[in-house]
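S.K.: Using only what follows, build the 3D model:
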Amino acid sequence: MLESYLGDIEYLVRERLWPEAVPLALALPHICAALAQHDLVSSRDRYLAWCEEWVRPLEDDTSITLPTPEELYRMAEQHGIERQLGTGEGVPVNALRQLRLRRLSRAAPPRRRVSLGETGASSGAPEICAALLDAVRRWYGDAAAGDMTVQTNLARLAVLR
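M.R.: The predicted structure follows:
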């Protein structure tokens, strides 16, 4: 399920569909933070801590400067990802629903090309998406694959209807 979600983001990045790719990528820290909790709860502090631990430039490209965890969180707020949590902790319902829907819906997003003016490259969208995708894969491989809470939560989400 998680790999399918990441694959959808990669597809959107390849197609340069930044308005669709960036919000999905910015929701990843909340998804990962929530999956690591028994009650699927995330918060601003958990989002920032997850980013601090896992988000960093790709090893082969040290010329890229990534946004700080605070800046990533502000971007997530701008994309409406935070509204669902309220002021404190909460279950990132919309982000988890998107994770589930990606698994249940196999249809590819519509193919279209954007003009160079719409690419989002100047805003750092490609680097942000790549860094977050890389962070999730490292997190899963290094920590989550062997974490029973994460695995239980993924299984619970897989069977919810």
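S.K.: Just want the most central residue of the protein.
M.R.: residue 28 (1.9 Å; CA atoms, centre = their mean).
S.K.: Would you list the phi and psi of that residue?
M.R.: phi -60, psi -40 (degrees, to the nearest 10).
S.K.: show me the contacts for it.
M.R.: By CB atoms under 8 Å, 6 or more residues apart in numbering, residue 28 lies in contact with 132-133, 135-136. Using the backbone N, CA and C atoms, a C-beta is placed for each residue, glycine as well.
S.K.: Let's see that with 10 Å instead.
M.R.: Counting by CB atoms under 10 Å, 6 or more residues apart in numbering, residue 28 touches 2, 5-6, 9, 47, 50-51, 54-55, 72, 76, 81, 95, 99, 129, 132-133, 135-136, 139.
S.K.: Helices - which of those residues land there?
M.R.: 2, 5-6, 9, 47, 50-51, 54, 72, 76, 95, 99, 129, 132-133, 135-136, 139 (DSSP state H).
S.K.: Give the buried subset of those as a PyMOL selection command.
M.R.: Buried members of these, defined by 16 or more other CB atoms under 10 Å, are picked up in PyMOL with:
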select buried, resi 2+5+6+9+47+50+51+54+72+76+95+99+129+132+133+135+136+139
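S.K.: the bottom helix or strand of the protein by mean pLDDT?
M.R.: Lowest on mean pLDDT, DSSP states H and E among the helices and strands of the chain sits helix 93-104, with a mean of 66.
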